[in-house]
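Engineer: need a 3D model of the following:
(one chain, ligands or ions: 1)
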Amino acid sequence: MTSQFLNACRREPVSHTPVWFMRQAGRSLPEYRDLRAGIAMLDSCRRPDLVCEITLQPVRRHGVDAAILFSDIVVPVAAAGVDLDIVPGTGPVVAEPIRSQADLARIGAWDPTSVSFVDEAVRLLVKELGPTPLIGFAGAPFTLASYLIEGGPSRNHARTKALMHGDPQLWHALCERLAEITLGFLRVQIEAGVSAVQLFDSWAGSLSAADYRSFVMPHSQRVLGGLADSGVPRIHFGVGTAPLLEAMAEAGADVVGVDWRTPLDAASERIGPDYAVQGNLDPVLLMAPWPVIEAEVARILTEGARTPGHIFNLGHGVLPETDPTVLTRVVELVHALSRGVSERSGGAPQGAPETPLSQR
Ligand SMILES: Cc1c2[nH]c(c1CCC(=O)O)Cc1[nH]c(c(CCC(=O)O)c1C)Cc1[nH]c(c(CCC(=O)O)c1C)Cc1[nH]c(c(C)c1CCC(=O)O)C2
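Structural biologist: So this is what the prediction gives:
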């Protein structure tokens with residue numbers, strides 16, 4: 001049985017619009033909270049048995065079309081020797097931020113055996129998942145650099161931008177190291193059997209298109225271009241990236257992630273017919289009354305049907321306070337509404353419904 005998710009990534013015909021959710025594994029699920037009780041986030045990422053179970057939980061519960069490996073963007077950086085922790089309610093916190101050439105030397109050479117627990121978890125998962133594809137992922141150099149330079153989450157990435165513009169040589173040296181780590185981390189996942197990868201450049205939307213192109217794109221290009229020969233579809237995602245969509249596509253994506261601020265058909269028109277799109281329900285709207293969600297899902301499917309390939313997702317991750325039963329209903333709705341209306345002939349958007357599917 002071919003995967004509708006992989007078909008959509010490749011802009012091939014689908015029998016229904018595939019759907020998965022960023023952060024589908026995690027705190028919205030009581031079974032996740034039970035399993036994680038008393039185990040630190042990074043420790044849980046290093047235990048293949050836990051990674052396997054946590055990754056499977058949302059697949060069983062929601063019937064999504066793809067699984068995403070349970071891990072974190074800072075896992076490979078920690079494996080390369082950076083002293084960091086993931087603090088509950090805050091995110092990654094780096095003990096000694098990287099702000100000088102000497103700091104940079106504290107990042108060790110990439111060694112794939114330092115993430116053998118990921119190799120093991122992916123192999124277990126591929127067996128357990130059967131026909132459901134597993135998505136691997138990594139953080140993009142810019143988003144990783146921001147955590148390393150700021151020392152933790154940041155509102156305006158002030159130190160990151162100061163270093164980028166104030167010491168471009170150090171900036172590029174840091175991003176080259178991070179690109180090497182990210183590429184190595186994704187290769188481990190691909191060799192172990194993931195069916196697609198997503199590069200998370202979550203915070204790239206804080207940059208102008210000009211700065212993105214000169215300071216960030218070459219490094220993301222190195223990562224995505226370095227995976228081209230694998231044949232595995234590459235999803236490139238960021239938040240608030242409306243001005244960057246063309247550059248993020250050009251960086252070497254097969255699928256461009258779009259947040260809720262840009263309609264999918266408008267995004268697709270800008271990046272052209274060679275890319276599928278993924279998105280883009282506002283995660284906050286999962287807290288709205290069901291008729292609101294229903295109308296939004298229908299609108300997104302209508303806009304998605306005007307693109308060469310659409311994978312339904314949120315515009316960013318599931319919020320911890322989301323009612324998981326709503327996510328299951330969204331999966332059912334996406335499947336029901338899209339069945340039979342989402343067939344496209346590889347590339348040319350055609351027969352896009354003009355009325356919301358729910359009203360047909
Ligand atoms: C920026 C970023 C991070 N991590 C990640 C990103 C990119 C995606 C995005 O933009 O949201 C990626 C990530 N982190 C996690 C996943 C799991 C897979 C999935 O999507 O289901 C993925 C894809 C697990 C996690 N990563 C984290 C959790 C929560 C920790 C916990 O459950 O105790 C999970 C399930 C921790 C983390 N790690 C990070 C943050 C901001 C946080 C949240 C901090 C908090 O609110 O507590 C860094």
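Engineer: near the ligand, which residues of this protein? Just list them.
Structural biologist: Within reach of the ligand by C-beta under 6 Å from any ligand atom, the chain has these residues: 22-27, 36, 41, 68, 70, 72-73, 86, 88-92, 137, 200, 202, 317. Using the backbone N, CA and C atoms, a C-beta is placed for each residue, glycine as well.
Engineer: name only those of those residues that count as buried.
Structural biologist: 22-26, 36, 41, 68, 70, 72-73, 86, 91-92, 137, 200, 202, 317 (16 or more other C-beta atoms under 10 Å).
Engineer: okay, and which of those residues map to strands?
Structural biologist: Among those, DSSP state E puts 68, 86, 91, 92, 137, 200 in strands.
Engineer: okay if I get these as a markdown table plus pLDDT?
Structural biologist: Putting these into a markdown table (pLDDT from 0 to 100) gives the following:
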| residue | pLDDT |
| --- | --- |
| 68 | 98 |
| 86 | 97 |
| 91 | 96 |
| 92 | 97 |
| 137 | 98 |
| 200 | 98 |
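Engineer: low-confidence stretches in this structure?
Structural biologist: Applying pLDDT under 70 to the chain flags residues 1, 340-360.
Engineer: what segments of it are strands?
Structural biologist: Under DSSP E, the chain gives strands at 67-68, 84-87, 91-94, 134-139, 196-200, 234-237, 255-257, 276-281, 310-314.
Engineer: give me whichever of those strands is most buried.
Structural biologist: Greatest average neighbour count among those goes to strand 310-314 (a mean of 30), per mean count of other C-beta atoms under 10 Å.
Engineer: burial count for residue 65?
Structural biologist: Neighbour count of residue 65, defined by other C-beta atoms under 10 Å: 25.
Engineer: the ligand versus residue 100, what's the distance?
Structural biologist: 24 Å (C-beta to the nearest ligand atom, to the nearest Å).
Engineer: that residue - nearest residue in space that isn't next to it in sequence?
Structural biologist: The shortest distance from residue 100 to any non-neighbouring residue, by C-beta to C-beta, 6 or more residues apart in numbering, is to residue 170 (7.3 Å).
Engineer: contacts only, for that neighbour.
Structural biologist: Shown in contact with residue 170 (C-beta atoms under 8 Å, 6 or more residues apart in numbering): 100, 101, 104, 163.
Engineer: same question for residue 206.
Structural biologist: 156, 157, 161, 240.
Engineer: of the ones in strands among the buried ones among the residues of the chain next to the ligand, closest to residue 294?
Structural biologist: Nearest to residue 294 among those is residue 68, at 25.0 Å by C-beta to C-beta.
Engineer: is it true that that closest one touches residue 22?
Structural biologist: Yes - here residue 68 reaches residue 22: they are 7.4 Å apart, a contact under C-beta atoms under 8 Å.
Engineer: in contact with residue 197, which residues?
Structural biologist: So residue 197 contacts 135, 136, 137, 138, 186, 189, 190, 227, 232, 233, 234, 235 (C-beta under 8 Å, 6+ apart).
Engineer: tell me which two in the residues you listed are the farthest apart.
Structural biologist: Using C-beta to C-beta, these span at most 14.6 Å, a distance reached by 138 and 233.
Engineer: tell me who's in contact with whichever residue of the stretch 151-300 of the chain sits closest to the ligand.
Structural biologist: As assessed by C-beta to the nearest ligand atom, the ligand sits closest to residue 202 within the stretch 151-300 of the chain, at 3.1 Å. By C-beta under 8 Å, 6+ apart, the residues touching residue 202 are 139, 143, 237, 238, 239, 316.
Engineer: which residues does residue 70 contact?
Structural biologist: 25, 44, 45, 50, 51, 54, 55, 121.
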